[in-house]
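Asks: Below is the structure, and that's it, no one-letter string:
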């Protein structure tokens, strides 16, 4: 449901220490909303706190791993005790892993599923009861990705988790119909955030020159995360069900609706140019390679 006036409303934002989460918190604060920000990065949260103080809004900070169910349950209770049921919940925290499917280790799959999917599930599951009980206009924002609506070669685990978030969002929007709680899926496409510079989340088979090419592409073509934050706020104020933001999200969304074959061809050509598909020969992987075994 639309919330046109955000002044003095409470907004919970996960993954708020950098990137889209940081800019989303600031965008809500600029419209007078109070912020409950979470992350694992204390230094980033401290920087956010200084910015929020400058904007004159109330705020709380919490170190929380969204993948930890008990921690998210405790966070929901903490928020309820301190400020009551939030008016807006932004499930933003996420992580990535880049590598061909056969060179994406099982531990990377588990981590991405735990953070990108179960982090959203935990947020919705533990915050929604209080939001429903409180009544009035409320809103849940689940940050997915353009990788959740179109294929993303060499991002198979990331893309799978974001497709799952889109499916969850569609179901929640139906189940929450008539409750006063709106649901928005956010699909950013090519955003210049720290997530794309985390080389610890990259398969070792990817050459460094390919990563340099990708980083250059994101720097030159990627949208600033502040654009995403502004669109998230607008979506809440207008009651939008999906946000397509960044240079690739909207075109690919509509191309997929028109022709999956055309989408596939354009994705392959585009990824060859930007660096997500490379001309290098990759090493073969044995079915029992150590880094692929279940943890």
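Replies: Received the coordinates, thanks. Owing to the predicted nature of the structure, the values given are computational and were not obtained by experimental measurement.
Asks: list the buried ones in the one helix or strand residue 215 maps to?
Replies: Using DSSP states H and E, residue 215 maps to helix 208-221. Neighbour-count burial for helix 208-221, counted by 16 or more other Cβ atoms under 10 Å, picks out 210, 211, 214, 215, 217, 218. Backbone N, C-alpha and C define where each C-beta goes, glycine included.
Asks: Quick check, pLDDT for the fourth one.
Replies: In this prediction, residue 215 carries a pLDDT score of 87.
Asks: List the residues that contact residue 207.
Replies: Neighbouring residues of residue 207 by Cβ atoms under 8 Å, 6 or more residues apart in numbering: 278, 280.
Asks: What lies in contact with the lowest-mean-pLDDT helix or strand in the chain?
Replies: Every helix and strand in the chain was compared by mean pLDDT, DSSP states H and E; the lowest is helix 208-221, with a mean of 87. Contacting residues not belonging to helix 208-221 are listed as 190-192, 196-197, 199, 202, 247, 274-276, 278, 280 [Cβ under 8 Å, 6+ apart].
Asks: any idea what sits nearest residue 7, other than its immediate chain neighbours?
Replies: In this structure, residue 7 finds its nearest non-sequential neighbour in residue 32, 3.4 Å apart by Cβ to Cβ, 6 or more residues apart in numbering.
Asks: what's around that neighbour, how many residues?
Replies: Residue 32: 14 surrounding residues under other Cβ atoms under 10 Å.
Asks: just for the stretch 151-295 of the chain, where's the confidence low?
Replies: Within the stretch 151-295 of the chain, the ranges that satisfy pLDDT under 70 run 194-197, 286-295.
Asks: can you give me the helices in it?
Replies: Taking DSSP state H, counting those that start in this stretch to define them, one finds helices in the stretch 151-295 of the chain at 156-175, 208-221, 225-238, 249-258, 260-274.
Asks: partners of the lengthiest strand in the chain, with directions?
Replies: The strand that spans the most residues within the chain, counting by DSSP state E, is strand 181-188. With DSSP bridges as the test, strand 181-188 is paired with strand 138-143 (parallel), strand 242-245 (parallel).
Asks: Quick one, which of the ones you listed gets closest to residue 49.
Replies: Residue 49 lies closest to strand 138-143 among the strands paired with strand 181-188, at 21.4 Å (Cβ to Cβ).
Asks: Show residues contacting that closest one.
Replies: Contact with strand 138-143 is made by 1, 3, 20, 85-92, 94, 120, 124, 127-128, 131-132, 165, 168-169, 172, 176, 180-186, 188, 232, 235-236, 239, as judged by Cβ under 8 Å, 6+ apart.
Asks: ok, now with 6 Å
Replies: Outside strand 138-143, the residues that touch it by Cβ atoms under 6 Å, 6 or more residues apart in numbering are 3, 87-92, 120, 131, 165, 169, 181-186, 232, 236.
Asks: From those residues, keep the buried residues only.
Replies: For the contacts of strand 138-143, buried by 16+ other Cβ under 10 Å: 3, 87-92, 120, 131, 165, 169, 181-186, 232, 236.
Asks: got the residue ranges for the strands in the stretch 51-200 of the chain?
Replies: Taking DSSP state E, counting those that start in this stretch, the strands of the stretch 51-200 of the chain run over residues 59-63, 88-91, 138-143, 181-188.
Asks: Indicate which one of the ones you listed is closest to residue 226.
Replies: strand 181-188 (11.7 Å).
Asks: Leaving out the residues flanking it, which one is nearest to residue 158?
Replies: Spatial nearest neighbour of residue 158, chain neighbours left out: residue 96 (4.9 Å); criterion: Cβ to Cβ, 6+ apart.
Asks: Verify the stated contact: that neighbour with residue 201.
Replies: Yes - judged on Cβ atoms under 6 Å, residue 96 makes contact with residue 201 at a distance of 5.4 Å.
Asks: higher neighbour count, these two?
Replies: Comparing residue 96 with residue 201 by neighbour count (other Cβ under 10 Å), the higher total belongs to residue 96, at 23 against 18.
Asks: Tell me how far the more buried one lies from residue 108.
Replies: Look at residue 96 and residue 108: by Cβ to Cβ, to the nearest Å, they are 9 Å apart.
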